[in-house]
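> below is the structure, and that's it, no one-letter string:
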């Protein structure tokens, strides 16, 4: 049985009875917070489906969703597909603006991938062994990350559970946040197919804050600009910033230059800033829950980095970028690239390519 058929038969129903007196009360509160985050922001999910007997090769994809606008699925073995709200799946590299129709068997697979990203957010499951009693959600682990954040791992188990694989939900709490201010970051657990067979489902979640970019940024470098530019201010700190850190500290980092390590530029560039620059969604190397951000290149800078004609635009590579904060209070910052290296001369920072 191949994945397009197997996927269309998978179920994840809500037939558990919860044991409220034993379950950790924080779990549902964190789930509700997570639902609101992912309902109102650009959701990004890496998901994987695999069989326990290895009868079918694993199925993997990257899923994006702009709420109320468009969904996109990128298969790890090639192929990018998009579906605008109310529309059909098309094979597309520009978020469904153009594309060609998708065959029915592929449509079935894309539909199931798209529906499964919300399964962990439902916080319910299917019971196949009533002897284990009601569902009990327990905190299994709580530990700091390398970035100083905190992970909380909950297991959705049973009152009289056996030594089997139960769903786990990992929430990430950013440092300096309130104790119960965390968002769903990872899910791992079984899903049952229509014939009762278990399939392993693993997902990793992140999000981007939606922004309104109907404004004009500083004028880009002139066509006759040199390979090296001068900026009197050195980098804000002698460290690598993640997009998550930039977003959290945008008020303090406004108009300052930061160092960022980019893993990959995603999709095709746009000139949403209306000044001739090229704006990308980029993924940093942090491997964190929200590794995505917006960076803007001048055409000259993109060419000097050898990325202008590179269809993949893979890294990793290091950039220095000036943090520009949108006027809207809740909008994310955008990082305007000023170079890939820096040197100091007479107390001034010189950024170059």
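It's in. Note that the coordinates shown come from a computational prediction; the quantities given were computed from them, not determined experimentally. Residues are numbered from 1 along each chain as shown.
> now the lengthiest strand in the chain: average pLDDT?
Longest strand in the chain, counting residues (DSSP state E): strand 257-270. Per-region confidence: strand 257-270 scores 85 on mean pLDDT.
> now it: buried residues?
Neighbour-count burial for strand 257-270 flags 257, 258, 259, 260, 262, 263, 264, 265, 266, 267, 269 (criterion: 16 or more other Cβ atoms under 10 Å). Placement of C-beta: from N, CA and C, glycine included.
> ok, now stretch 199-211?
199, 201, 202, 203, 204, 205, 206, 207, 208, 209, 211.
> which pair in the buried residues of strand 257-270 spans the largest distance?
257 and 267 (25.2 Å; Cβ to Cβ).
> can you show me the strands along the stretch 1-150 of the chain?
10-11, 42-51, 59-66, 70-75, 80-84, 90-91, 100-101, 135-144, 150-158 (DSSP state E, counting those that start in this stretch).
> tell me the angle the last one makes with strand 135-144.
Taking axes from the mean of the first three to the mean of the last three Cα atoms, to 10 degrees, strand 150-158 and strand 135-144 form an angle of 160 degrees between their directions.
> please identify the pairing partners of strand 150-158 and their relative orientation?
strand 135-144 (antiparallel), strand 168-173 (antiparallel) (DSSP bridges).
> now it: mean pLDDT?
90.
> over to the fifth one?
Along strand 80-84, the predicted local confidence has a mean pLDDT of 95.
> can you spell out which helices and strands pack onto that strand?
strand 70-75, strand 90-91, helix 104-116 (3 or more Cβ pairs under 8 Å, 6 or more residues apart in numbering; DSSP states H and E).
> mind doing that once more with 6 Å?
When contacts are defined as 3 or more Cβ pairs under 6 Å, 6 or more residues apart in numbering; DSSP states H and E, strand 80-84 sits against strand 70-75.
> show residues contacting the strand it packs on.
Under the contact criterion Cβ atoms under 6 Å, 6 or more residues apart in numbering, strand 70-75 has outside partners 61-65, 80-84, 95-96, 110, 113-114.
> can you put the strands of the stretch 1-150 of the chain in TSV and add distance to residue 251 and mean neighbour count?
Shown next, in TSV, are the strands of the stretch 1-150 of the chain (distance: least, Cβ to Cβ, whole Å; neighbours: other Cβ atoms under 10 Å):
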stretch	distance to residue 251	mean neighbour count
strand 10-11	44	14
strand 42-51	22	19
strand 59-66	26	20
strand 70-75	31	20
strand 80-84	34	21
strand 90-91	40	16
strand 100-101	45	9
strand 135-144	24	15
strand 150-158	23	20
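> how about CSV for those, with distance to residue 23 added?
What follows is those, written out as CSV (distance: least, Cβ to Cβ, whole Å):
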stretch, distance to residue 23
strand 10-11, 23
strand 42-51, 25
strand 59-66, 29
strand 70-75, 32
strand 80-84, 36
strand 90-91, 43
strand 100-101, 46
strand 135-144, 4
strand 150-158, 9
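> and the protein, what are its domains?
Under the assignment automatic domain parsing, the domains of the chain span 3-208, 228-352.
> ok, now how distant is residue 289 from residue 339?
According to Cβ to Cβ, to the nearest Å, residue 289 stands 29 Å off from residue 339.
> do residue 118 as well
For residue 118 relative to residue 339 (Cβ to Cβ), the value is 41 Å.
> who has more neighbours, these two?
The neighbour count for residue 118 versus residue 339, taken as other Cβ atoms under 10 Å, is higher for residue 339 (23 against 15).
> who's that one bridged to?
residue 320.
> my guess is it contacts residue 351. True?
Yes - between residue 339 and residue 351 there is a contact under Cβ atoms under 6 Å: 3.4 Å.
> now the helices for the stretch 101-250 of the chain?
104-116, 243-248, 250-253 (DSSP state H, counting those that start in this stretch).
> list the contacts of the shortest one.
Contacts made with helix 250-253 from outside it, assessed by Cβ under 6 Å, 6+ apart, are listed as 236, 323, 325, 333.
> mind checking which of these land in strands?
323, 325, 333.
> burial count for the last one?
Read that as residue 333. So residue 333, with other Cβ under 10 Å, has 24 neighbours.
> all further residue positions should be reported with the first residue as 206.
Got it, the first residue is 206 from now on, which makes the last one we talked about residue 538.
> if I look at the closest residue to it other than its chain neighbours, how far off is residue 523?
Nearest residue to residue 538 in three dimensions, chain neighbours excluded: residue 455, at 4.2 Å (Cβ to Cβ, 6 or more residues apart in numbering). As judged by Cβ to Cβ, residue 455 and residue 523 stand 20 Å apart.
> between the two, who's got more neighbours?
Between residue 455 and residue 523, counted using other Cβ under 10 Å, residue 455 has the larger neighbour count: 17 against 14.
> any idea how far the more buried one lies from residue 462?
14 Å.
> ok, residue 495 next?
Residue 495 sits at a distance of 22 Å from residue 462 (criterion: Cβ to Cβ).
> just residue 311 next, same as before
45 Å.
> cool, residue 524 as well?
Counting by Cβ to Cβ, the gap from residue 524 to residue 462 is 10 Å.
> and what of residue 506?
Counting by Cβ to Cβ - residue 506 and residue 462 are separated by 14 Å.
> so residue 539 sits right up against residue 528, yeah?
No - Residue 539 lies out of contact with residue 528 (Cβ under 6 Å); the separation is 7.9 Å.
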